[in-house]
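Colleague: Structure, please.
(chains A and B)
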Amino acid sequence: MKRVYVNEQWCLGCHLCEYNCAFANSGLKDMAFALKDKKIFPRIHIEGNDKVSFAVSCRHCTDPVCMKSCIAGAIYKQDGVVKINRDKCVGCLTCVLVCPYGALAPAEDGIMQKCELCLENSCGQPACVSGCPNKAIVYEERGEEE
Amino acid sequence: MKEYVIVGNGVASIGCIEGIRSVDKDGKITVISEEKHHIYGRPLISYYLEHKTDLERMKYRPDDYYEVNNCRVIYGKRVEAVDNKAISVTLDDKTVIKADSICIATGSRPFVPPFEGLETVKNKFSFMTLDDALSLEKALDKNAKVLIVGAGLIGLKCAEGIRDRVGSITVCDLADRVLSSILDNDCAATVEAHLKKEGIDFMLGDTAVRFDNNKAFMKSGAEVDFDILVLAVGVRANTELLRDIGGNVNRGIIVDEKMETNLKGIYAAGDCAEGFDASIGANRVLAILPNAYMQGHTAGTNMAGGSAIFDNAIPENSIGFFGLHIMTAGAYDGEMTEEKGENSLKRFFVKDGRLSGFILIGDIDRAGIYTSLIRNKTPLNEIDFELTKKVASSFIFSEKTRRKNFGGVV
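Modeller: Below you'll find the predicted structure:
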């Protein structure tokens, strides 16, 4: 299965992925209208310092501890992609407590959202990848047993 | 074809079904559900009363779940006895169901101390099941005075759930602080102040000793008038089925790392089970939902002939009240070090160079990184712990670890 991977040697720490993610999931056509003067709640974020930086988003784990821990049964796996049913989520944040990668954060409304690889939004492929100016974020198959 | 019986229909039971099906697609699974409801997330009952979810959305799995997983569910029946020689269960209508292995996932029940005069109270409720929530809901009234006995997770989530639907809420607890099982004094005081600001009244270090209709007589001598009484003193594991046949039972049914009891072919999982708690290095009942699922999944996998071990369970709680999030994990053992923010407090407990536990109030971003340090027993001298106390980040790990985590399949 194709996943999003980061190569920290190439990451410039420009945070463009965060903006592209927020825009791709906004459902809006105009990026300025969607993001200008707004606090964004992307599903990917940059960590590090001024020397080393890297993007963190859902790893789509083979054995997702968030899914096993969700008190609402809102997190599920479909064709390898770990997804969340936001209608069922009550915002208890247990998934934030258990994700060892720190990859999950709630949306503005306090309900969880997560990277679903842009497969169902207008982007069709991960927006963080297509917009990464230095190709530090890639979307590819790195071999595994499904 | 193998046959399995699962006693109970909570989250441990779902974990067990999914564990079995990860190995055995065809075996015959029978689930005995005393509750007449489709599987629901039990901690969601307070969110239901708060209108943050509803009966449809609180279903833990889709409507066709049992059909898709080829399970037979018997609703409204109770298992009266387990036979570990024949490997069978007897229902309350005397039906006997044979199997190759059995998973006891009977959960827990409210513990109600023998209060004098409790029988004179008309509107009294527990807060464990959906039926409890539905009956409590019928009694809710904009002017009702509510007394909740117990300032633990259940009592306080109940208070949050019903606050906007009643007149007033008083919570009493014999302990001198709220959430005494998961918070230390200072953290409890912070949470208590927040709850008071949200309109919840407290009588801590005090509890009801006697009731007379709509009046509670407190240990301190105070008297409290109420219209609705919620009893959330504590819970007891439902261990009788195993105890009755001579199985090892302490506070819960004792299980090994495969979730098998000392009686061959009989497994246990969830709130009724007492498994290994890696944070204290001993067995303990960890009545939390993630644990129930993982124990169930482990039991199911092994029942079906697979091989699974669950040996890194730790206590972990993520709980919020009126917008304030609290996360705790592990044991509060060792030296305490803290980070204070304007609206946040983080406390870390370090023992033998490893993180043994933490309490986070307000700032919970990426808390799972802290949890992983406890679960993996990461030596703190291998990471930049000072940095991560302020902001949880994978930056504390070595480049090699980061490459593994973010550059490969995990």
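Colleague: Closest approach to chain B from chain A, which residue is it?
Modeller: residue A:102 (3.1 Å; Cβ to the nearest Cβ). For every residue, glycine as well, the C-beta is placed using N, CA and C.
Colleague: Give me the pLDDT for the closest residue in space to that residue that isn't next to it in sequence.
Modeller: Computed as Cβ to Cβ, 6 or more residues apart in numbering or on different chains, the closest residue to residue A:102 that is not its neighbour in sequence is residue B:366, at 3.1 Å. pLDDT recorded at residue B:366 is 97.
Colleague: can you give me phi and psi for residue B:352?
Modeller: Phi and psi for residue B:352, reported as degrees, to the nearest 10, are phi 50, psi 40.
Colleague: In chain A, which helix is the longest?
Modeller: Longest helix of chain A, by residue count under DSSP state H: helix A:16-24.
Colleague: What's the first helix or strand after it?
Modeller: Downstream of helix A:16-24, the next assigned helix or strand under DSSP states H and E is helix A:31-35.
Colleague: Can you give me the buried ones in that following helix?
Modeller: Residues of helix A:31-35 classed as buried by neighbour count (16 or more other Cβ atoms under 10 Å in any protein chain shown): A:34-35.
Colleague: Point me to the residue of the stretch 201-350 of chain B nearest chain A.
Modeller: Closest point on the stretch 201-350 of chain B to chain A, by Cβ to the nearest Cβ, is residue B:290, at 3.5 Å.
Colleague: Quick check: that residue is in a helix.
Modeller: Yes: counting by DSSP: H, G, I helix; E, B strand; the rest coil, residue B:290 is found in a helix.
Colleague: what about the closest residue to it other than its chain neighbours, how many neighbours?
Modeller: The spatially closest residue to residue B:290, leaving aside those adjacent along the chain, is residue A:69, at 3.5 Å (Cβ to Cβ, 6+ apart). Residues lying near residue A:69 (other Cβ atoms under 10 Å in any protein chain shown) number 24.
Colleague: And the pLDDT for residue A:69?
Modeller: Predicted confidence (pLDDT) for residue A:69: 97.
Colleague: check contacts around it.
Modeller: Shown in contact with residue A:69 (Cβ atoms under 8 Å, 6 or more residues apart in numbering or on different chains): A:94-95, A:97-98, B:289-290, B:293.
Colleague: ok, these vs residue B:163, which is closest?
Modeller: Residue B:163 has its nearest neighbour among the contacts of residue A:69 in residue A:94, at 22.1 Å by Cβ to Cβ.
Colleague: So what does the closest one have for phi and psi?
Modeller: Per-residue torsions, residue A:94: phi -60, psi -30 (degrees, to the nearest 10).
Colleague: now swap in residue A:5 and tell me
Modeller: The phi/psi pair for residue A:5 (degrees, to the nearest 10) reads phi -120, psi 150.
Colleague: Report the spatially nearest residue to residue 54, omitting neighbours in sequence.
Modeller: Answering for chain A, as no chain was given. What sits nearest to residue A:54 in space, not counting adjacent residues and going by Cβ to Cβ, 6+ apart, is residue A:8, at 3.9 Å.
Colleague: Chain B, not that one
Modeller: Leaving aside its chain neighbours, residue B:54 sits nearest to residue B:48 (6.8 Å; criterion: Cβ to Cβ, 6+ apart).
Colleague: from memory the one you found sits against residue B:57, does it?
Modeller: No: assessed by Cβ atoms under 8 Å, residue B:48 is found out of contact with residue B:57, at 9.1 Å.
Colleague: Okay, domains of chain A per the record?
Modeller: Here the domain parsing of chain A from automatic domain parsing is A:1-57+A:116-146, A:62-114.
Colleague: and those, which one is worst for confidence?
Modeller: Comparing mean pLDDT across these, the lowest value falls on domain A:1-57+A:116-146: a mean of 91.
Colleague: just the helices in the chain please.
Modeller: Picking chain A for this. For chain A, applying DSSP H gives helices covering A:16-24, A:31-35, A:65-69, A:94-98, A:127-130.
Colleague: my bad, chain B
Modeller: Ranges of helices in chain B, per DSSP H, are B:11-21, B:45-49, B:65-68, B:130-139, B:153-162, B:185-197, B:240-243, B:289-303, B:367-375, B:385-390, B:399-407.
Colleague: Could you dump those into TSV and include mean neighbour count?
Modeller: Below are the helices of chain B laid out as TSV (neighbours: other Cβ atoms under 10 Å in any protein chain shown):
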stretch	mean neighbour count
helix B:11-21	28
helix B:45-49	23
helix B:65-68	14
helix B:130-139	16
helix B:153-162	24
helix B:185-197	17
helix B:240-243	20
helix B:289-303	29
helix B:367-375	25
helix B:385-390	16
helix B:399-407	16
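Colleague: And those helices: which comes nearest residue A:30?
Modeller: With distances scored as Cβ to Cβ, the stretch of these nearest to residue A:30 is helix B:399-407 (31.5 Å).
Colleague: Show me how far the closest one is from its chain's centre.
Modeller: Centroid separation for helix B:399-407 versus its chain: 33 Å, with Cα atoms, centre = their mean, to the nearest Å.
Colleague: How about residues contacting that helix?
Modeller: Applying Cβ under 8 Å, 6+ apart, the contact partners of helix B:399-407 are A:5-8, A:52, A:54-56, A:59, A:101, A:142, B:394-395, B:397, B:410.
Colleague: Can you report how many residues neighbour the residue nearest to residue A:54?
Modeller: The local packing of residue A:8 (other Cβ under 10 Å) involves 19 other residues.
Colleague: Show residues contacting stretch B:314-324.
Modeller: A:91-94, A:96-98, A:110, B:153, B:156-157, B:160, B:163, B:179, B:182, B:191, B:194-195, B:198, B:277-279, B:286, B:288, B:290, B:325-331, B:361-362, B:364, B:367, B:371, B:374-375.
Colleague: no wait, stretch B:287-297
Modeller: A:65, A:68-69, A:71, A:94, A:98, B:10-19, B:22, B:41-43, B:103, B:105, B:108, B:235, B:237, B:255, B:259, B:268-271, B:273, B:275, B:308, B:310, B:313, B:315-317.
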